[in-house]
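A.B. asks: no sequence for this one, just the structure:
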Ligand SMILES: Nc1ncnc2c1ncn2[C@@H]1O[C@H](COP(=O)(O)OP(=O)(O)OP(=O)(O)O)[C@@H](O)[C@H]1O
C-alpha cells in the first residue's frame, strides 16, 4: 500500500511553555491547586516537629499531657494533609481536563481549516494519534506530573532549609543526593526525548495499518491477504513494544542509582546522627524528626524521577500537537477580500498552470478559456488529463501556480473563501456520506431544509423512489460511509445534497459514474432544466456521450492541456482524439 509522506515538521519554540501558558485560561483552578499544594507542604513539614516535641518534651520528660497534645495535633495535621492532598490533585486534574479540551477543539478546528494540500500530504493516522494519544500525554503531564514536580521542588526547598537549621552537618550529608539525582534525571530526559517521539510515531504507524485495513477490509478479503496484513500489523506492533521496552530499560537503568543513593544517605544519617546523639550534641527526638524529614526529602526526588519520563513524553507530544496547530493554512482570505455575491456566468482561465504540492510535473499547462452565462460545459479527456484539477481550482481547493482564474473579471483569490465556496455546488468523484439519516445527509449543508425541499432534490437526483421504498424512508440511518447503499445510490444522494445548496456555479465531477446509463440519462434530463434555471455556469466532467451531446461546449483535455473545444459536431470533425475517446466510451457502453 502507498506510503504517505511524513507530516510537515514546523518546530515552534518551547512547546512546553505554551502548554503551561494554556493553563492561564484555568488560572483560578491552577492557583487553587498550587495553594493546596503549599498548605500540604506546610502540613508535611510540621508533622516531624510535632513528633520531636512529643518525644523530647513528652516521652523523655515523662509528661503525659504533652504526649496527648502532640498526638492530638498529629491527628489534625494528618487530616489537613488528606484534605490538601485531595484538593491539589482534584484541582490539578480539573485544570488538565480543561487544557486537553481546549487543545482538542483547537486542533480539530485547525484540521477543518487546513488546505487540501496539507491533507494530501498528512497521514490520517498521524493526525488521529496527535488528537488522541498526544493530547492525553499532555493532560497527564498537567494533571499529575506537573503538580508532583512543583510539589517536590517546594518540599525539597522547605525541608532543606529546616534540615540546615536543625543540623547543618547532617543536612550536608543528606543534600548530596539532590544534585546527583538531578543530574541523572536531566541526562535521562535529554537522552530519551528522541525515543519518546519514536514511540508516538510508531503508535501512529500501528494505527495507520489498522485504519487502512478497516477501510480496505473488502480488498484484503478479495485478495486473500488477511495473513499478510496480520503479519504487517504484528511487525509494527513488535516495533512499538521494542521502542517501549527501550524506554523501560532506560528508566530501570537510571532509577536504581537514585534508590541506592537515598538508602546510603539514610544509613549515613543513622550512623553520624547516632554518634551525635551519643555525644549529646543532638537529642533523640531531633534524630527521629531528622529521619522523618529524610523520608520527606527523598520522596520528592523519587517523585521527580517517576515524573521524568512523563515530562519527556509530554514535551514530545506538545511538540507534535503544536506542529499541527501551527501548520500554515495555504488557502486563506486575502486582506480586503470581498464576498462573492452574484454570478454573471463569465468564468475565465487565463494561462493557468498548476502543479500539485510535491509533484514534479504540472497537472495543468497554460489552460485558457472563458465561459458564457448559462453555459453547460462538458470536460472530457483521458484519465489523469487534468479534468478534476480544473474543478479544484475554481473552488480554490488549491491556488493556481501561475496565471489567474476570474469570475466576471474578478480574481477568485479576491473573494472570501466562504462566500466563493457557498456559491459553488460541487459533487465530487468520490462520495462521502456521514453517519446519520438519509434526510440529514441530503440536508448536510442546509440543516433547516423542509422535508418537501429534501424530497424535491431527491426526485431530481432520481433517488426518491428508492428512499420511499425503505421501511424508514428518509429517516433511514446510513453508516459512516453510507454502508448499506450501492455506489450509485450514494452518488445520487450526493447529487441531491449539492442540489439543495444555494449554488450558482454547479460542478459535477464524474458524479454519475456508478449510476446505470438509463438512470444517468434521467438525472441528466432533470438536471438540464434546473441547471439552465439556477446555475450561471455548469461544468460536467463527462464520461457519457449523452452528457457530451447536450453540452453547449466540450473542453477536451490531454496531459494537462486544453487541446480542443467546441460542440460535439465540431469536435467530431476536427479532433481525432475526441473520436478516439468517444469510440472507447461507446465500447465501454456496449460492454456494460
Ligand atoms: N492531490 C494530488 N497531488 C499530486 N498530484 C495529483 C493530485 N491529484 C491529482 N494529481 C495528478 O494530477 C494529474 C491530473 O489529475 P486529475 O485528477 O485532474 O485528472 P482527471 O482528468 O480528473 O483524471 P480522472 O478521469 O482519472 O479522474 C494526474 O497526473 C494526477 O496524478
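C.D. replies: Received, thanks. Computed from a prediction, not measured in an experiment: that's the story for all the values here. Numbering: from 1, shown residues only.

A.B. asks: pLDDT below threshold where in the chain?
C.D. replies: Residues of the chain that meet the criterion pLDDT under 70 lie in 1-13, 480-483, 585-592.

A.B. asks: interface residues of the stretch 101-250 of the chain facing the ligand?
C.D. replies: residue 120 (Cβ under 6 Å from any ligand atom). C-beta coordinates here come from the backbone N, C-alpha and C atoms, glycine included.

A.B. asks: ok, 8 Å please
C.D. replies: 116, 117, 120 (Cβ under 8 Å from any ligand atom).

A.B. asks: Quick one: distance of the longest helix belonging to the chain to the chain centre.
C.D. replies: Ranked by residue count and defined by DSSP state H, the top helix of the chain is helix 226-278. On the basis of Cα atoms, centre = their mean, to the nearest Å, helix 226-278 is displaced by 32 Å from the centre of the chain it belongs to.

A.B. asks: Where does residue 138 fall, secondary structure wise?
C.D. replies: Residue 138 is part of helix 135-140, with elements assigned from DSSP states H and E.

A.B. asks: now what about that helix, what contacts it?
C.D. replies: Helix 135-140 is contacted from outside by 19, 96-97, 99-100, 103-104, 107, 200, 310, 313-314, 316-318, 321, using Cβ atoms under 8 Å, 6 or more residues apart in numbering.

A.B. asks: Just among the residues of the stretch 101-250 of the chain next to the ligand, which is most surrounded?
C.D. replies: residue 117 (19 neighbours; other Cβ atoms under 10 Å).

A.B. asks: ok, which stretches of the stretch 251-400 of the chain are strands?
C.D. replies: With DSSP state E, counting those that start in this stretch as the criterion, the stretch 251-400 of the chain has strands at 347-354, 364-370, 375-381.

A.B. asks: Kindly apply the preceding question to the stretch 101-250 of the chain instead.
C.D. replies: Using DSSP E, counting those that start in this stretch, strands in the stretch 101-250 of the chain do not occur.

A.B. asks: Taking it, what residue is nearest to the ligand?
C.D. replies: Nearest residue of the stretch 101-250 of the chain to the ligand (Cβ to the nearest ligand atom) works out as residue 120 at 4.3 Å.

A.B. asks: What residues does that residue make contact with?
C.D. replies: Contacts of residue 120 by Cβ under 8 Å, 6+ apart are 356, 357, 358.

A.B. asks: The ligand next: which of those are close?
C.D. replies: Within the contacts of residue 120, those near the ligand by Cβ under 8 Å from any ligand atom are 356, 357, 358.

A.B. asks: wait, doesn't the second one sit right on residue 121?
C.D. replies: This points to residue 357. Yes: contact criterion Cβ atoms under 8 Å: residue 357 and residue 121 qualify, at 6.8 Å.

A.B. asks: how does this protein divide into domains?
C.D. replies: 15-325, 347-591 (automatic domain parsing).

A.B. asks: Using TSV, please lay out those together with distance to residue 333.
C.D. replies: Listed next are the domains of the chain as TSV, based on distance: least, Cβ to Cβ, whole Å:
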stretch	distance to residue 333
domain 15-325	11
domain 347-591	5
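
A.B. asks: Can you tell me the element residue 488 falls in?
C.D. replies: With DSSP H and E as the criterion, residue 488 is inside helix 487-499.

A.B. asks: List the contacts of the residue most central in space within the chain.
C.D. replies: In the chain, the residue lying closest to the centroid (Cα atoms, centre = their mean) is residue 131, at 3.6 Å. Neighbouring residues of residue 131 by Cβ under 8 Å, 6+ apart: 104, 107, 108, 111.

A.B. asks: mind redoing it with 10 Å?
C.D. replies: By Cβ atoms under 10 Å, 6 or more residues apart in numbering, the contact list for residue 131 reads 103, 104, 107, 108, 111, 321, 324.

A.B. asks: Repeat that for residue 357.
C.D. replies: Per Cβ under 10 Å, 6+ apart, neighbours of residue 357: 8, 115, 116, 117, 118, 120, 121, 330, 398, 401.

A.B. asks: Can you flag the buried ones in these?
C.D. replies: 115, 116, 117, 118, 398 (16 or more other Cβ atoms under 10 Å).

A.B. asks: In helices, which of those appear?
C.D. replies: 116, 117, 118.

A.B. asks: With distance to residue 469 added, can I get those residues in CSV?
C.D. replies: Formatted as CSV, those follow (distance: Cβ to Cβ, whole Å):
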residue, distance to residue 469
116, 37
117, 42
118, 42
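
A.B. asks: out of those residues, who's nearest residue 462?
C.D. replies: residue 116 (29.8 Å; Cβ to Cβ).

A.B. asks: what about the closest one, distance to residue 399?
C.D. replies: 10 Å (Cβ to Cβ, to the nearest Å).

A.B. asks: Need the overlap of contacts for the two.
C.D. replies: Contacts common to residue 116 and residue 399, judged by Cβ under 10 Å, 6+ apart, are 330, 331.

A.B. asks: Get me the contact residues on the stretch 301-450 of the chain for the ligand.
C.D. replies: Applying Cβ under 8 Å from any ligand atom, we find that the stretch 301-450 of the chain lies next to the ligand at 356-359, 361, 363-364, 381-392, 429.

A.B. asks: buried subset of those?
C.D. replies: Buried, going by 16+ other Cβ under 10 Å: 356, 363, 364, 381, 385, 386, 387, 388, 389, 390, 391, 392, out of those.

A.B. asks: and the residues you listed, which two are the farthest apart?
C.D. replies: 356 and 381 (17.0 Å).

A.B. asks: Mind listing what's buried along stretch 526-545?
C.D. replies: Quick answer for stretch 526-545 (16+ other Cβ under 10 Å): 526-527, 531, 535-545.

A.B. asks: Likewise for stretch 417-431?
C.D. replies: 417, 420, 421, 422, 423, 424, 425, 426, 427, 428, 431.

A.B. asks: with the residues you listed in mind, which one is nearest to residue 447?
C.D. replies: Nearest member of the buried residues of stretch 417-431 to residue 447, counting by Cβ to Cβ, is residue 422, at 14.5 Å.
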